[in-house]
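Enquirer: Sharing a model that was predicted from the sequence below.
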Number of protein chains: 2
Amino acid sequence: MIPSIEWTSDNKVKMIDQTLLPHKLEFLELDDYRDVATSIKVMNIRGAPAIGVAAAMGMAIATLEYKDLPKEKFLESMEKAAEIIKNTRPTASNLFWAVDRIWKIIASYPDDPKNLSELVIEEAKLMAQEDITVNKNIGKNGAELLQDGDVILTHCNAGSLATVQYGTALAPVRSAIEQGKKIDVIADETRPRLQGARLTAFELHYDKIPVKVISDTSSGLLMRLRKINKVIVGTDRVTSDAVFNKIGTYLVALAAKDNDIPFYVAAPTSTLSLHETVNDVTIEQRDSTEVSNVLGKVQIVPDGVECLNYAFDITPFRLVTGVITEDGVFTHKELLKRYE
Amino acid sequence: MIPSIEWTSDNKVKMIDQTLLPHKLEFLELDDYRDVATSIKVMNIRGAPAIGVAAAMGMAIATLEYKDLPKEKFLESMEKAAEIIKNTRPTASNLFWAVDRIWKIIASYPDDPKNLSELVIEEAKLMAQEDITVNKNIGKNGAELLQDGDVILTHCNAGSLATVQYGTALAPVRSAIEQGKKIDVIADETRPRLQGARLTAFELHYDKIPVKVISDTSSGLLMRLRKINKVIVGTDRVTSDAVFNKIGTYLVALAAKDNDIPFYVAAPTSTLSLHETVNDVTIEQRDSTEVSNVLGKVQIVPDGVECLNYAFDITPFRLVTGVITEDGVFTHKELLKRYE
C-alpha cells in the first residue's frame, strides 16, 4: 500500500497521479498551491479524505510562498489561496473542513507569518497522520460486520487511493483479511471516470486482495443471483437525511434493499455534516466529455449529441443499513444522536 | 430511418454494421449463412427483433446453398445450419422463434428443396415486413401513454436499429412525435457495449429527435430530480414472471419504482414466452474483455484482474407498469390472461 499523498522533507506535496492508473504508477511533486488546486480539480488526486489532506497541504504550501509578506498582505493572499483551493470541487465536505481547520490556526496566530508557516505545515502533516488512524479504526469497526467467505460490492474508489492510506470503504475489507477472514471484492467500474475499474481494482490487486470488476449495470443481477452479500461504499458528505457519494450509489443501494443485502457507508467523522439536509448540497456537474469520450481516448457518442454528467448521487437513509465511523457502527437514528 | 436489415434483389442479406456506429455508417452484404450467424454473434446486428429476421434470412441463404442436394442430405444440412444460427446468442427468444417458424415451412414441403428455397425466402421477407407493421402498432399503442413535454428514459437500443425499422421501445416516441407531441429522450449509455450511447443516440439524432446521453450510473438521480418522467425499454424475452432485457434494466426499474415513475416494456408478441419462468432462461455471459476494454480500444482494468460480463438482466413484473405489444397496453395480469 503506497500513500496517495505525503509531505516531503524538502517541503513539497508528493502524490500519486491517479489519472494515469492502472497503467502507470507515477508521482507528482508540487510546490505551488495553484498546482495543488488544479490536481484536485482534474482529479490527479480524488476521494473525499485525500482531497481534504491535499487541501490542507495546499494551504501549507501557500504559507511558504507568502510567509515573508507583512501581516495584512499575508492574510489577504492566504484568503485568496483558500478561495482557489475551495473552488475546485463543490461536493466533498472534507475540502471545506480541511481549509477551515487550517484557517483556524492562521486566525489564531496571524502576527508572525514565518512561524505560522511551520505550524500550518505541522497541522497538515498531522491531518495526514490522523486520516490513517481514523481509517484503521473504521477498518476495525467495519471488520466486525464481515464474515469469512463474504463477497463485498463496492462502488467507485474509497480505498487507500481515496485517503492518505488504508481507505474508508475498503478499510473493513483490509482489516477483516488481516484477521484471517477470506473476503472477495467486486468493484463496480464506476462510469464515467471509472474509479472502480482503474483504482479499486489496481490497489486491491496490488495488495493481493481478490477483486473482480463489473459494469455498473450488473450489480442488481449479481445481488439477485446471491453473488454479492454485502455492500460497503464511501461518502463525500453525510447530511441528516442522506448520504452523498459517487453517482450510481443510489442504484446500488436500491438493489441491495430489494435483495435484503446490507448496505454500509464508511464515513470518517470529517464527512459528517449533520446540520445540513439534501437541500443544502450542490451536486457537482462535470464536463460532458467525461461521458462522451471514455478517459479522453474513445468517443462513444455521435458528434452533436449532448451528455449530462452529474458527479454525485443522493442515497436516502432508508436504504442505509449502517454507517461505519472511526467510533463505531451506527444506524441512522444512532448516528444523529451521537453526532448531532 | 434506414432499415437495419433487408433482403437484396440479388439474394443477399444486407445489414448495417452496427459495431462501427456512431462513427461510420457501413453495410455488410452476406451470402453465406455462416457469416450471418457470425454477424449475430459478434453483434454486427443486434436487438431481439432484428436478430429474429437475421436468423430467418440466414436460413433462407442456407436453402440457396443446399437446394440442389437430395432431400435427405438437404434436411441434414439445414438442420446443421439451424443449429449454427441458434447457437449464436442464448437469451433472445426471437432467434429460436424465427428459426422454428422457417423450420415449419421446411417440414411441410421437404420434397422439393428448389421450390422450398423460394418459399423460405418469401417467408423471411414477410417476417421483415411484419416486424415493421408490429412496431408501428406498438408505436400507436404506446404513444397514447405519452404526453406533450415528456422526457423518456430508455436503456440500451430497442430502436429502429434493434428491429428491421421503427423500433419497439422507441416506436411510441416516434409515433407521439408524428402526432405533434414534444418528446425528449434520455439514453443510458448501456455498458459494456454502449448501445445507448452509440446506437440510440445515433438513430434519434439522425432522425432529428432530441436525445441526451447519460452514464448508466445517473438514471436514479435524474429521476429523483424529476428530469425523467417515463421509462420505456425493449425486451429480449418475457416470461410469466419477469422481463429479460439488457443488463442494467433491473436497476432502472428499481429507480423508477422508487420515484413513482411509470416503467413500460415494449414487447412484440414474438418476444412473449409466457409458458416459461425465470428458471427456464439462460443468462448469456459474454467475453470479459467487453468490460475490461471499452469497444476494444481502451483498457480500463489492470492486467490480471478478472471481469464478470452477464449480458441480460431480470426485471420482476412487480416493477413493470405495463407491457406494450402490437395489440395494446397490458398490466401483468392482463398480459397473462390475453396471451397465456
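Expert: Okay, I see it.
Enquirer: use CA for all of it now, contacts and neighbours both
Expert: Fine.
Enquirer: Looking at strand pairing, list the partners for the closest residue to A:Lys125 other than its chain neighbours.
Expert: Leaving aside its chain neighbours, A:Lys125 sits nearest to A:Trp7 (6.7 Å; criterion: Cα to Cα, 6 or more residues apart in numbering or on different chains). With DSSP bridges as the criterion, A:Trp7 is bridged to A:Val13.
Enquirer: so what's A:Trp7 up against?
Expert: If a contact means Cα atoms under 8 Å, 6 or more residues apart in numbering or on different chains, then A:Trp7 has A:Val13, A:Lys14, A:Met57, A:Lys125 as its contacts.
Enquirer: Which residue comes closest to A:Val320 once chain neighbours are left out?
Expert: Sequence neighbours aside, A:Phe263 is the residue nearest to A:Val320 in space, at 5.5 Å (criterion: Cα to Cα, 6+ apart).
Enquirer: burial of the one you found, as a residue count?
Expert: 24 (other Cα atoms under 10 Å in any protein chain shown).
Enquirer: From chain B, how far out is it?
Expert: Relative to chain B, A:Phe263 is positioned 16 Å away (Cα to the nearest Cα, to the nearest Å).
Enquirer: What of A:Asp236?
Expert: Distance from A:Asp236 to chain B, by Cα to the nearest Cα: 16 Å.
Enquirer: Correct me if wrong: that residue contacts A:Pro90.
Expert: No. Between A:Asp236 and A:Pro90 there is no contact, the gap being 10.3 Å when judged by Cα atoms under 8 Å.
Enquirer: Compare those two (neighbour count), which wins?
Expert: Neighbours per residue (other Cα under 10 Å) separate A:Asp236 from A:Pro90, with A:Asp236 holding more: 25 against 15.
Enquirer: Let me see the backbone angles for the more buried one.
Expert: phi -100, psi -30 (degrees, to the nearest 10).
Enquirer: which one is it nearest to, not counting chain neighbours?
Expert: Nearest to A:Asp236 is A:Ala92, by Cα to Cα, 6+ apart, at 4.6 Å.
Enquirer: ok, back up a step: who are the neighbours in contact with the residue nearest to A:Val320?
Expert: A:Phe263 touches A:Lys230, A:Val231, A:Ile232, A:Val233, A:Ala253, A:Ala256, A:Lys257, A:Leu319, A:Val320, A:Thr321, A:Gly322, counting by Cα under 8 Å, 6+ apart.
Enquirer: one more time with 10 Å
Expert: A:152-154, A:229-233, A:252-257, A:319-323 (Cα atoms under 10 Å, 6 or more residues apart in numbering or on different chains).
Enquirer: same check, this time on A:Ser77
Expert: Contacts of A:Ser77 by Cα under 10 Å, 6+ apart are A:Ala62, A:Thr63, A:Glu65, A:Tyr66, A:Leu69, A:Lys71, A:Glu83.
Enquirer: where in chain A is pLDDT low?
Expert: For chain A, residues meeting the criterion pLDDT under 70 lie at A:110.
Enquirer: how near is the residue nearest the centre of it to A:Glu189?
Expert: In chain A, the centroid-proximal residue (Cα atoms, centre = their mean) is A:Gly47; its distance is 2.2 Å. A:Gly47 sits 15 Å away from A:Glu189, taking Cα to Cα, to the nearest Å as the criterion.
Enquirer: do the same with A:Pro172
Expert: A:Pro172 sits 20 Å away from A:Glu189, going by Cα to Cα.
Enquirer: Looking at these two, which is more packed in?
Expert: With neighbours defined as other Cα under 10 Å, A:Pro172 and A:Glu189 compare such that A:Glu189 has more, 32 against 27.
Enquirer: for the helix ranked longest in chain A, packing partners?
Expert: Assignment by DSSP state H gives helix A:113-143 as the longest helix of chain A. Secondary-structure packing of helix A:113-143 (3 or more Cα pairs under 10 Å, 6 or more residues apart in numbering or on different chains; DSSP states H and E): strand A:5-7, helix A:48-66, helix A:71-86, helix A:93-108, helix A:171-178, strand A:263-266, strand A:322-325, strand A:328-330.
Enquirer: Filter the contacts of A:Phe263 down to the buried ones, PyMOL style.
Expert: Restricted to buried positions by 16 or more other Cα atoms under 10 Å in any protein chain shown, the PyMOL selection for the contacts of A:Phe263 reads:
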select buried, chain A and resi 152+153+154+229+230+231+232+233+252+253+254+255+256+257+319+320+321+322+323
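Enquirer: from the contacts of A:Phe263, which ones fall inside strands?
Expert: Judged by DSSP state E, the contacts of A:Phe263 include A:Ile152, A:Leu153, A:Thr154, A:Lys230, A:Val231, A:Ile232, A:Val233, A:Gly322, A:Val323 as members of strands.
Enquirer: Columns distance to B:Ser240 on top of those residues, output as JSON lines?
Expert: Shown next, in JSON lines, are the ones in strands among the contacts of A:Phe263 (distance: Cα to Cα, whole Å):
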{"residue": "A:Ile152", "distance to B:Ser240": "32"}
{"residue": "A:Leu153", "distance to B:Ser240": "30"}
{"residue": "A:Thr154", "distance to B:Ser240": "33"}
{"residue": "A:Lys230", "distance to B:Ser240": "30"}
{"residue": "A:Val231", "distance to B:Ser240": "31"}
{"residue": "A:Ile232", "distance to B:Ser240": "34"}
{"residue": "A:Val233", "distance to B:Ser240": "35"}
{"residue": "A:Gly322", "distance to B:Ser240": "36"}
{"residue": "A:Val323", "distance to B:Ser240": "39"}
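Enquirer: on that earlier part again, test my guess that the residue nearest to A:Asp236 contacts A:Thr271.
Expert: Yes. Counting by Cα atoms under 10 Å, A:Ala92 does reach A:Thr271; the two are 7.6 Å apart.
Enquirer: Outline the domain layout of chain A.
Expert: Here the domain parsing of chain A from automatic domain parsing is A:5-134, A:140-339.
Enquirer: Go through those and pick out the most buried.
Expert: domain A:140-339 (a mean of 22; mean count of other Cα atoms under 10 Å in any protein chain shown).
Enquirer: Return the distance of it from the chain's centre.
Expert: Relative to the chain's own centre, domain A:140-339 is displaced by 10 Å; criterion: Cα atoms, centre = their mean, to the nearest Å.
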